[in-house]
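Trainee: Provided below are the primary sequence and the corresponding predicted coordinates.
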Amino acid sequence: MKKKWWKESVVYQVYPRSFRDTTGNGVGDIWGILEKLDYIKSLGVDVIWLCPVYESPNDDNGYDISHYRKISEDFGGQNAFDELLEQMHKKGLKLVMDLVANHTSDEHAWFQEAKKSKDNPFRDYYIWKDGKNGGPPNNWTSFFSGSAWEYDEATQQYYLHYFTKKQPDLNWENPKVRREIFDVVEYWFEKGVDGFRMDVISLISKPEGLPNTKYEKFQDTIVHDYANGPKIHDYLKEMNQEVLSKYDIMTVGEGPGIDLKNGPLYVGEERKELDMVFHFDHMFIDCGIGGKYDPQPFTLNDFKQVFTNWDDVLKDKGWGSIFLGNHDFSRMVSRFGDDGRYHQASAKLLATLLLTLRGTVYVYQGDEIGMTNVAFDSISDYNDVETLNAWKEAEQQGEDMDAFLSIVHSQSRDNARTPVQWNDDKNAGFSKGEPWLKVNPNYTHINVAKQEQDPNSILNYYREMIAFRKANPALVYGNYACLDENHGQLYVYRRWDADGDFLVLHNFSDAPQTFNADLKENNYTLAKSNLNTNKLNNFSLDPWQSKILKIV
Ligand code: TEU
């Protein structure tokens, strides 16, 4: 496996709107990131992935870009950005930006032109079709509920939008569109940014003829109809040749619909497309027929299988990315851990898991202090367009809205978007004004300031685990083998290469567990655990305990 800086990096994801507001307008800003740069650096991370900070009407919080080369004034504008990049580089941190190129905002100049007339030179930048039988061109639905088509009265055609109607999809078939995007990428590389996370890059090539989908489950429609279109790899190769290959940068493609079969095609090292992808096999693990808002139970074995399968398909071929949460899903400790009695232990267990798997590790802001889901009493406290659209749809369908509110509590993207809890001052020290989204009331006991004082905090455990991974390259590059595929409570695996040999054990349950292994116990020493332990048997674990055993 070739060594690369980005394989060894730990990436910290910043959702700027919720990170730190220095102006008092209730919205986080780049000056706030600058203020907290030493904090981020103190975690031991190498890279910041910054969610979109470009000019945007914010129908989808910046994922609807109206100007690819302008930094939004809400976030501090170009000056703040230049200062951020400079300070980060001085401190030895790299900056990865978000490239949202499947769609633009409808307020982008290209779309403003495109909708003027059918023969406008920009018309073909987007995907326009005539209606069928008085309705939209096909039966596709948007990721955010309702039809994926919007009718334009003036020109009497529909345009495609996989996300909100204010996010029209770009037409990548048009070479001019590709050139525009490659130029944008080059523009930011010339400014010195160190890479891109590419939003829904798996969706840019649309299927031939845009046929109706025959799938009932939305996640199936994504894999078979929306993602991995016929030209996806041509486009990525072209982008690689035209721009990516000319810089020492990293790329991570975000990919709903990327699965075990097609994943290696995106990241195969010989193929020269992307460095890594985010697949969603574990993030969509609870999606039922109705998708994210139809959550279904899943088992630990299902969860383990995802990591094992992905390691298997990528080994010797390409590189993976390891993450358990981001700004689109509920908080990882609430979802995969226990945000009640075992909050601290389970948050640390998940940190141990993240930092001992093979792949580049991504930590989402706030997870390093174990921030949890929130449960607002009223839908009016929610902001996320996906949540609000799902709510409207459920109302129209006559669902029991009290029951639906509890689904919102567990599934809403706003769980991950409540402001970062810095201290126990008003608004958790996030803002002196009214935050754009309410803070989670548990900030009085879950906050950075408190955890800084406590050597046993989740925060300090993240620092230790990041340092531990860096000191042990076998945890980055080493082989992986799952040792207990069928154990319902334990996840145990071995990571090894010439640099070291580790056995990593996690107890995902409220009861003590013992791993029955045919391995000579006295070969191991306990190198790390998330809990103080005085058990003599290395293979016994307390509830939500993780242990890293080193073979000596
Ligand atoms: O997300 C793409 C994506 O797959 C999500 O829509 C995901 O399916 C959903 O949020 C799960 O509930 C990216 C961005 O990360 C997201 O914030 C944007 O809203 C979306 O693209 C559109 O740009």
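Mentor: That came in fine, so what should we check first? Please read these numbers as outputs of a predicted model, since none were measured by experiment.
Trainee: can I assume Met371 is in contact with Ser330?
Mentor: No. Look at Met371 against Ser330 with C-beta atoms under 8 Å: they stay out of range, at 10.7 Å. Just so you know, the C-beta spots here come from the backbone N, C-alpha and C atoms, and that holds for glycine as well.
Trainee: Looking at these two, which one has more neighbours?
Mentor: Met371 (30 against 25; other C-beta atoms under 10 Å).
Trainee: Now that one: phi and psi?
Mentor: phi -60, psi 150 (degrees, to the nearest 10).
Trainee: Can you name the residues that contact it?
Mentor: Arg331, Val333, Thr418, Val420, Gln421, Asn440, Ile446 (C-beta atoms under 8 Å, 6 or more residues apart in numbering).
Trainee: make it 6 Å
Mentor: Contact analysis of Met371 by C-beta atoms under 6 Å, 6 or more residues apart in numbering lists Arg331.
Trainee: How much space separates it from the ligand?
Mentor: 18 Å (C-beta to the nearest ligand atom, to the nearest Å).
Trainee: Name the residues of stretch 3-19 that come out as buried.
Mentor: For stretch 3-19, a neighbour-count test (16 or more other C-beta atoms under 10 Å) marks 6-7, 9-19 as buried.
Trainee: ok, which pair from those is furthest apart?
Mentor: The largest separation in those, counting by C-beta to C-beta, is between Lys7 and Arg17 at 29.7 Å.
Trainee: Let me see the backbone angles for the residue nearest the centre of the chain.
Mentor: Closest residue to the average C-alpha location of the chain: Asn326 at 3.8 Å, with C-alpha atoms, centre = their mean. Dihedral angles of Asn326 (phi, psi; degrees, to the nearest 10) stand at phi -160, psi -160.
Trainee: what's the pLDDT at it?
Mentor: For Asn326, the model assigns a pLDDT of 98.
Trainee: So the closest residue to it other than its chain neighbours versus Tyr491, what's the distance?
Mentor: Leaving aside its chain neighbours, Asn326 sits nearest to Tyr364 (5.2 Å; criterion: C-beta to C-beta, 6 or more residues apart in numbering). Counting by C-beta to C-beta, to the nearest Å, the gap from Tyr364 to Tyr491 is 21 Å.
Trainee: circling back to that earlier point, quick one: the residue nearest to the centre of the chain and Val363 touch, right?
Mentor: No. Using C-beta atoms under 6 Å, Asn326 makes no contact with Val363, being 10.0 Å away.
Trainee: from what I can see the residue nearest to Asn326 touches Gln13, true?
Mentor: Yes. With contact defined as C-beta under 6 Å, Tyr364 reaches Gln13; the gap is 4.7 Å.
Trainee: Specify the helix with the largest residue count in this protein.
Mentor: Longest helix in the chain, counting residues (DSSP state H): helix 175-191.
Trainee: then that one to CSV, C-alphas only?
Mentor: Coordinates of each C-alpha in helix 175-191 appear next as CSV, following Å, rounded to 0.1, in the frame of the first residue of the first chain:
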residue,chain,number,x,y,z
PRO,A,175,-18.6,20.0,-22.1
LYS,A,176,-18.9,23.7,-21.2
VAL,A,177,-20.4,22.7,-17.8
ARG,A,178,-17.5,20.4,-17.1
ARG,A,179,-15.0,23.1,-18.2
GLU,A,180,-16.7,25.6,-15.8
ILE,A,181,-16.4,23.2,-12.9
PHE,A,182,-12.8,22.2,-13.6
ASP,A,183,-12.0,25.9,-13.7
VAL,A,184,-13.6,26.5,-10.3
VAL,A,185,-11.6,23.6,-8.9
GLU,A,186,-8.4,25.0,-10.4
TYR,A,187,-9.2,28.5,-9.1
TRP,A,188,-9.3,27.2,-5.5
PHE,A,189,-6.2,25.0,-5.9
GLU,A,190,-4.4,28.1,-7.2
LYS,A,191,-5.5,29.9,-4.0
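Trainee: Looking at that helix now, give me its mean pLDDT.
Mentor: 98.
Trainee: what's the spacing between that helix and its chain's center?
Mentor: In terms of C-alpha atoms, centre = their mean, to the nearest Å, the centre of helix 175-191 is set 23 Å apart from its chain centre.
Trainee: next one: stretch 86-101
Mentor: 17 Å.
Trainee: That stretch near the ligand at all?
Mentor: Yes. Applying C-beta under 6 Å from any ligand atom, one finds stretch 86-101 in contact with the ligand at Val100.
Trainee: Let me know the average pLDDT across that stretch.
Mentor: Stretch 86-101 comes out at a mean pLDDT of 98.
Trainee: okay, how far is it across that stretch, tip to tip?
Mentor: 26 Å (C-alpha to C-alpha, to the nearest Å).
Trainee: quick check: domain ranges of the protein?
Mentor: Segmentation of the chain into domains, based on automatic domain parsing, reads 8-100+321-326+356-471, 109-160, 479-551.
Trainee: So which of the ones you listed is the most surrounded?
Mentor: domain 8-100+321-326+356-471 (a mean of 20; mean count of other C-beta atoms under 10 Å).
Trainee: Can you tell me how far the residue nearest to Asn326 is from the ligand?
Mentor: On the measure of C-beta to the nearest ligand atom, Tyr364 and the ligand end up 11 Å apart.
Trainee: 353 is where my numbering starts, stick with that
Mentor: Got it, the first residue is 353 from now on, which makes the last one we talked about Tyr716.
Trainee: What residues of stretch 573-593 count as buried?
Mentor: In stretch 573-593, the ones that count as buried by 16+ other C-beta under 10 Å are 573-575, 577-581, 584-585, 587-588, 590-592.
Trainee: which SS class is Val844?
Mentor: With DSSP: H, G, I helix; E, B strand; the rest coil as the basis, Val844 sits in strand.
Trainee: Please name the residues that touch it.
Mentor: Contacts of Val844 (C-beta under 6 Å, 6+ apart): Leu835, Asp836, Leu857, Phe867.
Trainee: now Gln365
Mentor: Trp401, Tyr714, Tyr716.
Trainee: Looks like the first one contacts Leu447 (just checking).
Mentor: Yep, that's Trp401 we're talking about. No. The pair Trp401 / Leu447 is not scored as a contact, 8.3 Å apart, by C-beta under 6 Å.
Trainee: Not counting its own residues, what contacts the longest helix of the chain?
Mentor: Tyr420, Arg421, Met449, Ala453, Tyr477, Leu522, Asn523, Met591, Glu594, Val595, Tyr599.
Trainee: Correct me if wrong, but the fourth one is in a strand.
Mentor: Read that as Ala453. No. Judged by three-state DSSP, Ala453 forms no part of a strand; its state is coil.
Trainee: Quick check: chain neighbours aside, which residue is closest to it?
Mentor: Ile533 (4.7 Å).
Trainee: ok, that neighbour - how many residues close by?
Mentor: Neighbours of Ile533 using other C-beta under 10 Å come to 22.
Trainee: And the one 3 residues further on, by the same measure?
Mentor: As a burial measure, the neighbour count of Val536 was computed by other C-beta under 10 Å and equals 18.
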